Structure formats: C-alpha cells, structure tokens
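Enquirer: Kindly generate the corresponding structure for this input.
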Amino acid sequence: MGLLSMIVGLPLAPVRGVVKLAEVVQRQVDEELRHPMSVRRELEELDRREAEGELTPAEETEAQQRILDRMTEQNTMER
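Expert: Model prediction:
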C-alpha cells in the first residue's frame with residue numbers, strides 16, 4: 001500500500017514543497033516582525049520622523065499603538 005500511495009502522491013510533491021516553503025517564509029516574517037530590534041528600529045524611525053516634522057504627535061502615537069498592538073497580537077497567538 002505504501003508504494004501505491006507514493007506513486008499516486010508523486011505528482012503532488014512539488015505542490016507540497018511549495019506549501020512547505022511558504023510556511024517557512026511566513027514563520028520567518030512573523031519572527032522578524034516581533035523581534036525586539038525590529039520594533040525598536042520602527043519606534044526610533046517614528047521618533048525621527050516626528051522630530052523632523054513629517055508626522056504630527058498624534059500620528060506618531062497612532063503608529064506606535066499599531067506597532068505595540070501587532071506585538072501583543074503575536075504574543076497572544078502563541079499561547
């Protein structure tokens with residue numbers, strides 16, 4: 001039975017490979033988004049943009065909240 005299922009499943013092997021690769025890429029993206037250094041860089045960039053007048057204080061606060069919400073969402077999804 002193993003040989004038969006291998007022969008029948010062989011044409012789907014490339015599809016399974018692509019799906020597995022997509023899962024690995026998604027996992028890497030998720031890790032990068034919640035990595036403390038990435039978050040710190042984003043927050044520092046917001047501070048710089050606000051200091052240079054590109055953002056209003058309200059826009060900066062809103063963007064900071066989105067970043068923190070993203071981190072909180074990631075952490076609650078793991079539990």
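
Enquirer: Using PDB, list the CA coordinates for stretch 29-41.
Expert: What follows is stretch 29-41, C-alpha atoms only, in PDB (Å, rounded to 0.1, in the frame of the first residue of the first chain):
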ATOM      1  CA  VAL A  29       8.400  37.000   8.600                       C
ATOM      2  CA  ASP A  30       6.400  36.600  11.800                       C
ATOM      3  CA  GLU A  31       9.700  36.300  13.800                       C
ATOM      4  CA  GLU A  32      11.100  39.400  12.100                       C
ATOM      5  CA  LEU A  33       8.000  41.500  12.800                       C
ATOM      6  CA  ARG A  34       8.100  40.700  16.500                       C
ATOM      7  CA  HIS A  35      11.800  40.800  17.100                       C
ATOM      8  CA  PRO A  36      12.700  43.400  19.700                       C
ATOM      9  CA  MET A  37      15.400  45.100  17.500                       C
ATOM     10  CA  SER A  38      12.900  45.400  14.600                       C
ATOM     11  CA  VAL A  39      10.300  47.000  16.800                       C
ATOM     12  CA  ARG A  40      13.000  49.300  18.300                       C
ATOM     13  CA  ARG A  41      14.100  50.400  14.800                       C
END
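
Enquirer: for that stretch, which positions count as buried?
Expert: By neighbour count on 16 or more other C-beta atoms under 10 Å, the buried set for stretch 29-41 is R34. For every residue, glycine as well, the C-beta is placed using N, CA and C.

Enquirer: roughly how far out does that stretch sit from the chain middle?
Expert: Remark: stretch 29-41 is offset 8 Å from the chain centroid, using C-alpha atoms, centre = their mean, to the nearest Å.

Enquirer: just stretch 35-47 next, same as before
Expert: For stretch 35-47, the distance to the chain centre is 15 Å (C-alpha atoms, centre = their mean).
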